[in-house]
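1. no sequence for this one, just the structure:
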């Protein structure tokens, strides 16, 4: 049997295989947030010819069914099929997202009082040539010189690949070499160019493994400059949007291996593309630092993440040993060490340690609040004396998951919404070059709900004001919905269920902050600074997020947007051994609070499900605004 | 085109490929001591149908040519061929040689004052289960317990494979474990059986990588007992008999990889066979010690041996770092450390360090001479204060290479020769169960030449006494030859060229001893003990070897046969960490003398080319014998 696509491509399918599985086997990936369980309703396809066995329709409307739409994961072909795959159902893997603004990372390094001095060190050596009177082996000759000229008494660890290359390298360099090492690990021997007083350039890679996106900085390790930045989606997404779905997938036969391979190929694709673009041999990339949440770090190293999702929520590893690129199978010098930012707990990972490091809050006397709102939500509170952290299971709705027309903040996403107070018609801003809107991303959701609340379209509980005659407010397949935009592919709406999900997510974030502060016996007014991190942080409208009740109602000047602090922390640990150690010290002194079992958290969460909150006194500026309107 | 064997098997062959290459590609291996260069004349095949292009006949006689024999390496098919492969041309790879006597290794260990205490240690731990209040990661939990209950403050190195298994193992063992480690390396976590007070049994492998044979001892690491012994030929032999040919092959495209694979598969075949036979899971083999000459050690680890054969004869590595079984690709626990006995120089390897360790000569005041006569010849002289060593390039003739009817000491080899003083007819003893003799091995050669000398068949220069009318003495294709035995496959003879080669080999050994002693200003009479090692040492007739002038003419009670000391040393270093360290101390204090560039050695060598020696005073008992006869 085969499936013919409207583009003409033919894909074989076997009895008992779903259309989703058959397409996946042919490396044609669909969005499948739920991992192919028929619940997210995102893998829609249109049947053109043939009739598969359809085991369920999930969230498809009667209208959609009539139009021939089915879910690929619920459709089991019984003969040849011809189908059309709508643009919105396709997951584009390997597409490079445009590079955003280059941050002034060197300035940040300077502001932290550090210089470029990575854990990868080098020493110039001039080995005496072997003779019949001095026939020491290559390795012993190198060791002798390290002790004598080098003054390095330590016992280096020489990996077998290092040894395999040693003889050739020493002779090619005519015994005048640079020896590179990291801690006790011998990394490389490179020829020393005597005409040039400068050390030979070599490179490093800072890697942020996000649940949704992967970012790689290619860095010159001599001057600390970022040479290039690469971004791509995390291909693990084809197995689900959130970490829990992926952990479940990892525990299935071959799943862990597949997830490991998927993200490794994303990273390697970026590294190889950038290295080629700049004419850098992969072997000269000699150091890498990874930053990711605990699950991502486990999956990268092929560690079973199973215990992460089962009480008492214990990861296999939190402080990762230095491993080799060969072990990681990264496209770089196989002897190069790969450092993984330490994790705090199952749901507070190396990305948060990176974030705290990048914020510098761990060095100051002032008490700061750090919030990373990405696929999940993590927060940290503290200063140079104490640090406490928690995860607040906001879920991936701000990344588009669980929201009917939700999508990530890419081309076609509605990222801003204003509602005309008289006509109640929405004005939206769409990411991209003026194409039609395809969905709504996190910042668009926050804007939309807070505007709908301000304009009286939804009440404090998130219920739609049915009695009001508002254009765009209508009854849809999932109940009430508000039309944000019309598009040739159909209207983009926000449903009552969507609003409910958004309220749950914002409540989790806010309740996390309240509970954590309560646990340390503090109130919001002692917080002198709020750092907002996450890819999301780039677009977030603070005002609207406060109206929504996601961010606390604090003086707006206290908010600082840091962008992707996971990659910033990875960069800092890459170029500075001292900051790498500082990250470890941060991780070691951070206290973890498990909110999922806290009664306080549940109470705070229930209170925060309202717009902006049941306790109006916590949101004075919002209350003032409501009185005005 | 194809080659049809007389057995019916058909093997494809391409234009430009020799019969040897075509057979090799089909994993049908012929003896090719010279590596396929047409010089050793061992890869004879008989043409039955078809005519290849024959580029040379090497050492083939006219008689042999008439009988249809050609060299497989010099025959290039131009159409289909039908051939017969004589038994003597076939290299049997993977055949397990019968296990020789089990030595009392535990007694030896005791006599060295050591107990079974391998470098692989273990500690029993009882980890507290993780709870919501103590949600430390599996690795941090293990580390904490190692520090607290274990009292181990060191920073262990945890390989990624160890981490990958950790979570499952801890839970399967219900947190009651044995933690095994070697130095700083974490090796394994195994369940602790509380009902049994004894430590869980685990295993190790001692491996001797000889140029000709590979020996593996499978050892119980708790009681030190050898569970099984496996022997096989080193499959690298298909690429040449001696180390030089193999080094040359290793420097060709893919050669190193192929040689590495070949010997690794030999070792793995033995380990897997023995483990299966005793029901031992491969993962429970957690430690291995390798002992081999410098070239063998390099090839095993995939290290380029190229510089070994070029002046100033420098190996890549002499003190090998502890590497992992995963790196070695050995069939055992991938985290298990693999230790390689240290080498002294390019031609004095870990097998000699093993030998000295096994002899115990490095601990005694008496000055001893250690001789290892295998594929090459290495010697060491010294005591507990000093040690000096040298290689004497005896070449592989005692293993059968370069000798017309030479073969290794296996089934069908003439291993003993007596010549009747009246009839001049030889009486030979043949290894095996009464089958016909197929060739002559090293001890047979020594016997034969010394007997021929004693009985006046050859003179002091090794020239045949042509004028004497001796049965069996005749003119053959290479000049004079003496018939040792008749066989259905043709007579087994020793030619004048063979005798010349044997004299060169014995002269190299004797000159090595003389030169080394001269270098330290000593004479033979200070030597209180002579240790003879090498597979060869098992059969060697000292009396005959002295008559030949290979061994010095010393009181016979000073000679001690140690057999294969390379495997004995590997065993000792496997079961005792202290003896492993002792081996390193031996290697560190051994002085290496490079004989190949010594004028003294050349003089000594020229003098030793005679039977037994030009300086008769060095062989008084032989002179007395000659006067008597």
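-> Arrived safely, thanks for sending. Predicted, not measured: the structure shown is a model, and the values here were computed from it.

2. per-residue confidence for the residue lying closest to residue A:608 once chain neighbours are set aside?
-> Once flanking residues are discounted, residue A:608 sits nearest to residue A:507: 3.7 Å by Cβ to Cβ, 6 or more residues apart in numbering or on different chains. For every residue, glycine as well, the C-beta is placed using N, CA and C. At residue A:507 the predicted local confidence, pLDDT, stands at 96.

3. what does residue A:103 give?
-> On pLDDT, residue A:103 comes in at 51.

4. and if you look at residue A:434?
-> Among the per-residue scores, residue A:434 holds a pLDDT of 75.

5. and it, what helix or strand is that in?
-> Taking DSSP states H and E as the criterion, no element holds residue A:434; it sits outside all helices and strands.

6. report how many residues lie close to it.
-> Other residues lying near residue A:434 total 5 when counted by other Cβ atoms under 10 Å in any protein chain shown.

7. gap between it and chain B?
-> Using Cβ to the nearest Cβ, to the nearest Å, one gets 48 Å for the distance from residue A:434 to chain B.

8. how far away from the center of its chain is stretch A:287-306?
-> 12 Å (Cα atoms, centre = their mean, to the nearest Å).

9. what about the strands in the stretch 51-200 of chain A?
-> Ranges of strands in the stretch 51-200 of chain A, per DSSP state E, counting those that start in this stretch, are A:53-54, A:69-71, A:75-76, A:81-84, A:120-126, A:176-182, A:185-191.

10. who does the fourth one touch, helix- and strand-wise?
-> Which is strand A:81-84. For strand A:81-84, the helices and strands in contact under the criterion 3 or more Cβ pairs under 8 Å, 6 or more residues apart in numbering or on different chains; DSSP states H and E are strand A:2-5, strand A:44-49.

11. just the fifth one next, same as before
-> Under the contact criterion of 3+ Cβ pairs under 8 Å, 6+ apart, the helices and strands touching strand A:120-126 comprise helix A:138-147, strand A:176-182.

12. looking at those, which is nearest to chain B?
-> Comparing the helices and strands packed on strand A:120-126 by their distance to chain B (Cβ to the nearest Cβ), the top pick is helix A:138-147, with 4.4 Å.

13. residues contacting that closest one, please?
-> Contacts of helix A:138-147 from elsewhere in the structure, counted by Cβ atoms under 8 Å, 6 or more residues apart in numbering or on different chains, are A:123, A:125-128, A:130, A:136, A:152-153, A:156, A:158, A:163, A:166-167, A:170, A:179, A:189, B:307, B:314-319.

14. same thing with stretch A:583-599?
-> Looking at what lies outside stretch A:583-599 - Cβ under 8 Å, 6+ apart - the contacts are A:313, A:318-319, A:341-345, A:348, A:353-354, A:356-357, A:362, A:380, A:382, A:386-393, A:511-512, A:515-516, A:519, A:569, A:572-573, A:601, B:132, B:135.

15. which of those residues count as buried?
-> Of all those considered here, the ones buried according to neighbour count by 16 or more other Cβ atoms under 10 Å in any protein chain shown are A:313, A:318-319, A:341-345, A:348, A:353-354, A:356-357, A:362, A:380, A:382, A:387-393, A:511-512, A:515-516, A:519, A:569, A:572-573, A:601, B:135.

16. out of these, name the ones that lie in helices.
-> Counting by DSSP state H, the part of these found in helices is A:353-354, A:356-357, A:511-512, A:515-516, A:519, A:569, A:572-573, A:601.

17. if we can go back for a sec, in a markdown table, list the helices and strands packed on strand A:81-84 along with mean neighbour count, mean pLDDT and distance to residue B:425.
-> Output for these, formatted as a markdown table (neighbours: other Cβ atoms under 10 Å in any protein chain shown; pLDDT from 0 to 100; distance: least, Cβ to Cβ, whole Å):
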| stretch | mean neighbour count | mean pLDDT | distance to residue B:425 |
| --- | --- | --- | --- |
| strand A:2-5 | 18 | 93 | 83 |
| strand A:44-49 | 17 | 91 | 93 |
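
18. now distance to residue B:36 too, for the ones you listed, in CSV please.
-> As requested, the helices and strands packed on strand A:81-84 are arranged in CSV below (distance: least, Cβ to Cβ, whole Å):
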stretch, distance to residue B:36
strand A:2-5, 51
strand A:44-49, 61
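
19. how about those strands, which one is nearest residue A:524?
-> When these are compared by Cβ to Cβ, strand A:44-49 sits nearest residue A:524, at 43.8 Å.

20. in contact with the most far-flung residue of chain A relative to its centre, which residues are there?
-> Each residue of chain A has a distance to the centre, and by Cα atoms, centre = their mean the biggest one is for residue A:133: 58.7 Å. With contacts defined as Cβ under 8 Å, 6+ apart, residue A:133 has no neighbours.

21. quick one: it from residue A:146, how far?
-> Residue A:133 sits 21 Å away from residue A:146 when distances are taken as Cβ to Cβ, to the nearest Å.

22. not counting its neighbours along the chain, what's nearest the residue in the stretch 201-350 of chain A positioned nearest to chain B?
-> When Cβ to the nearest Cβ is the measure, the stretch 201-350 of chain A has its nearest residue to chain B at residue A:318, with 3.9 Å between them. Leaving aside its chain neighbours, residue A:318 sits nearest to residue B:137 (3.9 Å; criterion: Cβ to Cβ, 6+ apart).

23. tell me how chain A divides into domains.
-> A:2-89, A:120-191, A:203-340, A:361-395+A:502-628, A:397-496 (automatic domain parsing).

24. near chain B, which residues of the stretch 101-250 of chain A show up?
-> A:130-132, A:134-141, A:157-160, A:163-164, A:166-168, A:171 (Cβ under 8 Å from any Cβ of the partner chain).
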